[in-house]
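>>> quick one, structure for this:
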Amino acid sequence: MLARGCRPLAWSVAPGLMGVGAPPPSLQSAALCRRFASYKAKKVKIGSLILFQDSPHHVLAREVSMKARGSASVTLNLQSMLTGRKVTHRYGPDTIVEEAELIKKEVDFLAMDEDGQYVFIGKEEQGDAAVDDFPFYEVPEAVIKESDRKFLVAGMKVHLQLFEPPDDELKVVGVLLPPSAEYEVLSVDGNSSKIASIGLGARVKIPSHIKTGDRIVVSPVSGDYREKI
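Numbers count the residues shown, from 1 in each chain. Predicted structure coming up:
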């Protein structure tokens, strides 16, 4: 039974389908309730992830302004993880701000669908299961950083950042790529200074001995070549 104030998670069982009730075993250990740490606005730091209008926002900048008679205000520049929209909001220094809590879920990238959505598949952790039992996640392009989208490749293991708004289903608000990944070199440009095309259009500098068809290790985070496999 769920604690008071909690509700079942909504989760995707296949593209375009939703199931409500017990989540797959891989999410059963995740918190079913939205419990957040809270602190005063004057304690918020740049880079923090807070709730603003019931959605997670990154703190891009902060400014403390002193007013007459010693009073102060805290102005935060925020960016929504759901929409990318930027907003500026002013708080009293002692206003309580809630920290946004995200669920991290390891998944495999499958492909882009016909609608331009990025499709990921989760894992069933209890025994053998039919493919329909594996949760699918369709992620809009806007949720994934443009620089990261190009480094996705089928079978890559990534982490989705999931958020559950009040009275709504789980939403993917971010995709975290691994520190390194294997790629096939799709094409090579140049002679002494070579550029390889990999993944979904990423281009990286490679040593002169690398050729089309080779498999290499690259950091999707920095875009740097690591080694040949």
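>>> per-residue confidence for the residue located most distally from the centre of the chain?
Of all residues in the chain, residue 69 has its C-alpha farthest from the mean position, at 43.6 Å, by C-alpha atoms, centre = their mean. Residue 69 carries a pLDDT value of 71.
>>> does it count as helix, strand or coil?
helix (DSSP: H, G, I helix; E, B strand; the rest coil).
>>> and it, what is it in contact with?
By C-beta atoms under 8 Å, 6 or more residues apart in numbering, residue 69 lies in contact with nothing. Placement of C-beta: from N, CA and C, glycine included.
>>> now name the helix or strand holding the residue nearest the centre of the chain.
A centroid search over the chain (C-alpha atoms, centre = their mean) returns residue 174, at 1.8 Å, as the residue closest to the centre. Using DSSP states H and E, residue 174 sits in strand 171-176.
>>> right, and the helix or strand after that strand?
Where DSSP H and E defines the elements, the next helix or strand beyond strand 171-176 is strand 181-184.
>>> tell me which other helices or strands that following strand touches.
Using 3 or more C-beta pairs under 8 Å, 6 or more residues apart in numbering; DSSP states H and E, the elements in contact with strand 181-184 are strand 215-218.
>>> buried ones in the strand it packs on?
If you call a residue buried by 16 or more other C-beta atoms under 10 Å, then strand 215-218 has these buried ones: 216, 218.
>>> what residues are up against the closest residue to residue 163 other than its chain neighbours?
Distances taken as C-beta to C-beta, 6 or more residues apart in numbering place residue 173 nearest to residue 163, at 4.8 Å, with adjacent residues excluded. By C-beta under 8 Å, 6+ apart, the contact set of residue 173 is 56, 81, 82, 102, 143, 161, 162, 163.
>>> distance-wise, check residue 173 relative to residue 82.
Separation of residue 173 from residue 82 (C-beta to C-beta, to the nearest Å) stands at 6 Å.
>>> lowest-confidence helix or strand of this protein?
When the helices and strands of the chain are scored by mean pLDDT, DSSP states H and E, strand 17-21 comes last with a mean of 37.
>>> got a pLDDT number for residue 172?
pLDDT, residue 172: 89.
>>> on that earlier part again, against residue 56, how distant is the residue nearest to the centre of the chain?
For residue 174, the distance to residue 56 equals 9 Å [C-beta to C-beta].
>>> what's the longest strand in this structure?
For the chain, the longest strand by residue count, based on DSSP state E, is strand 55-66.
>>> partner strands of it and their direction?
If you go by DSSP bridges, strand 55-66 pairs up with strand 49-52 (antiparallel), strand 72-80 (antiparallel).
>>> how many neighbours does the residue lying closest to residue 59 once chain neighbours are set aside have?
Spatially, and ignoring its direct neighbours in sequence, residue 59 is nearest to residue 48 (4.5 Å; C-beta to C-beta, 6+ apart). Using other C-beta atoms under 10 Å, residue 48 has 17 neighbouring residues.
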